[in-house]
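# Just the structure for this:
(one chain, ligands or ions: 2)
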Amino acid sequence: METPIKILGIESSCDETAAAVIINGRTVASNVISSQIEIHKLYGGVVPEIASRKHIEKVNQVIEEALKEAETSLDEIDAIAVTYGPGLVGALLVGLSAAKAISFAKNIPLVGVHHIEGHISANYIEHPDLEPPFLCLVVSGGHTHLVAVKEYGEYEIIGRTRDDAAGEAFDKVARAIGLGYPGGPKIDKLSKEGDSSAIAFPRAKVENAPYDFSFSGLKSAVLNYINSCQMKGEEVNKANVAASFQKAVIDVLVEHTMNAAKNLGYKKVAIAGGVASNGNLKQALLKECQKENIEFYSPSPIYCTDNAAMIAVAGYYEYQKGVRSGLDLNAVPNLKIGQR
Ligand code: KG4
Ligand code: ZN
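Ligands and ions are numbered 1, 2, ... in the order given. You can find the predicted model right below:
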């Protein structure tokens, strides 16, 4: 039997310090996540300077825990996969510096990973049958992309948001109705008590770009609706706002994804990123995929939001292709998908 390949993944691009060990690209031996949400909540969003400091406090501990939980040591690690962009530069640098230090000290190959390519790769963890080509809807706090995964590590962007990311829209609307940060899970929960057809919010289309998204008009429509209620002295039904807003986002995401899948002939559709943990979005996509005889894949919520298991999985496929990063690998805050 061949010796299994063990990848240590490290992620610190935003407000989660995470490390994980993945075996042969698909099996999770450990997945340790230290979230800073409780601290950033106090400020209504992620404060970059605080994020960097907290990453420094946690990174070594999280890596040690990941190795311990996986019952392994650095001597058995074949490569270190680390997020080097996109993300907050100060936050990225912490994980990256830790990864480079270990790589240098222990002479372990280093593989730089794109955060979004990591999110997409989260789908491989629980779906051993999933292989490219497939279409993936990436919906996170900072990104909304429709990505064609042509081969392992080979991506083409089919559509993107022109303004706010889907998660950002969730966070901003949540703040407007006083739900706090992060808004996505809170809107998800509150919308279960509301009527999604109560308020007619817009479903935006981008002219001549059928797979692109725009959420800023929807966000403004929600804010205008709240203002007009207040002007009239009417009480805002928060649950109805949450449910109607969420439905407007989901309708657009599902419509564009399904059109792209059908027009481009994809038989497999996946979803990734923090917003992919939204139950209604998953259900809506699953239903449409079933109608079209398209296979639908989604990660469990723990692999949707930021984690290092997904980074190690993406890193495994890069490692297998022979990709190695030098110790001069730098953080790239606006790294593009497919860029090296
Ligand atoms: O992927 P992620 O953890 O971080 C980024 O790379 O951005 O995504 C975080 C985003 C936040 O905007 C959060 O509000 C949203 O994902 N989110 C959700 C849900 N859970 C997290 N949005 C809608 N419904 C959810 N259940
Ligand atoms: Zn993310």
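# Contacts only, for the residue nearest to the spatial centre of the chain.
By C-alpha atoms, centre = their mean, the chain has its centre lying nearest to Gly273, at 2.4 Å. With C-beta atoms under 8 Å, 6 or more residues apart in numbering as the criterion, the residues that contact Gly273 are 116, 119, 138-141, 143, 167, 304. Every C-beta, even on glycine, is put in place using the N, C-alpha and C of the backbone.
# Could you rerun that using 10 Å?
115-116, 119-120, 122, 136-145, 165-167, 299, 304-306 (C-beta atoms under 10 Å, 6 or more residues apart in numbering).
# Show me what the helix or strand bottoming out on mean pLDDT in the chain is packed up against.
Sorting the helices and strands of the chain by mean pLDDT, DSSP states H and E puts helix 37-40 at the bottom, at a mean of 88. Packing partners of helix 37-40 (3 or more C-beta pairs under 10 Å, 6 or more residues apart in numbering; DSSP states H and E): helix 48-69.
# Give me the mean pLDDT for the very next helix or strand once past the helix it packs on.
The helix or strand immediately downstream of helix 48-69 is strand 79-85, counting by DSSP states H and E. Mean pLDDT, strand 79-85: 98.
# Give me the packing partners of strand 79-85, helices and strands only.
strand 6-11, strand 16-23, helix 89-106, strand 110-114, helix 115-126, helix 309-320.
# which one of these lies closest to ligand 1?
With C-beta to the nearest ligand atom, the closest approach to ligand 1 among the helices and strands packed on strand 79-85 belongs to helix 115-126: 6.1 Å.
# what are the pairing partners of the next helix or strand after that closest one, and which direction each?
Moving toward the C-terminus from helix 115-126, the next helix or strand (DSSP H and E) is strand 134-139. Strands that pair with strand 134-139, judged by DSSP bridges, come out as strand 144-151 (antiparallel), strand 268-272 (parallel).
# Now do the residue lying closest to Asn330 once chain neighbours are set aside: how many residues are near it, please.
For Asn330, ignoring the flanking residues on the chain, the nearest one in space by C-beta to C-beta, 6 or more residues apart in numbering is Tyr84 at 7.1 Å. Number of residues near Tyr84 (other C-beta atoms under 10 Å) recorded here: 26.
# what's the answer for Glu235, then?
Glu235 has 7 nearby residues by other C-beta under 10 Å.
# what are the phi and psi values for it?
Dihedral angles of Glu235 (phi, psi; degrees, to the nearest 10) stand at phi -80, psi 140.
# Could you report the separation of the nearest residue to it once chain neighbours are set aside from Arg175?
Once flanking residues are discounted, Glu235 sits nearest to Cys229: 7.2 Å by C-beta to C-beta, 6+ apart. From Cys229 across to Arg175, the span is 17 Å (C-beta to C-beta, to the nearest Å).
# Ok, Lys205 next?
From Lys205 to Arg175 the distance is 26 Å (C-beta to C-beta).
# For ligand 1, what is the nearest residue in the stretch 101-250 of the chain?
For the stretch 101-250 of the chain, C-beta to the nearest ligand atom, closest residue to ligand 1: Gly184, 2.1 Å.
# From Ala105, how far off is that residue?
Taken as C-beta to C-beta, the span from Gly184 to Ala105 is 39 Å.
# neighbour count winner among the two?
The residue with more neighbours, out of Gly184 and Ala105, is Gly184; 26 against 9, by other C-beta under 10 Å.
# wait, that one sits on Phe245?
No: when contacts are counted by C-beta atoms under 10 Å, Gly184 is not listed as touching Phe245 (11.4 Å).
# Between those two, which contacts overlap?
Common neighbours of Gly184 and Phe245 are listed as 169-170, 173-174 (criterion: C-beta under 10 Å, 6+ apart).
# Generate a PyMOL selection restricted to the buried subset of those.
Selection of buried members from these for PyMOL, criterion 16 or more other C-beta atoms under 10 Å:
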select buried, resi 169+170+173+174
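# All good on my end, thank you.
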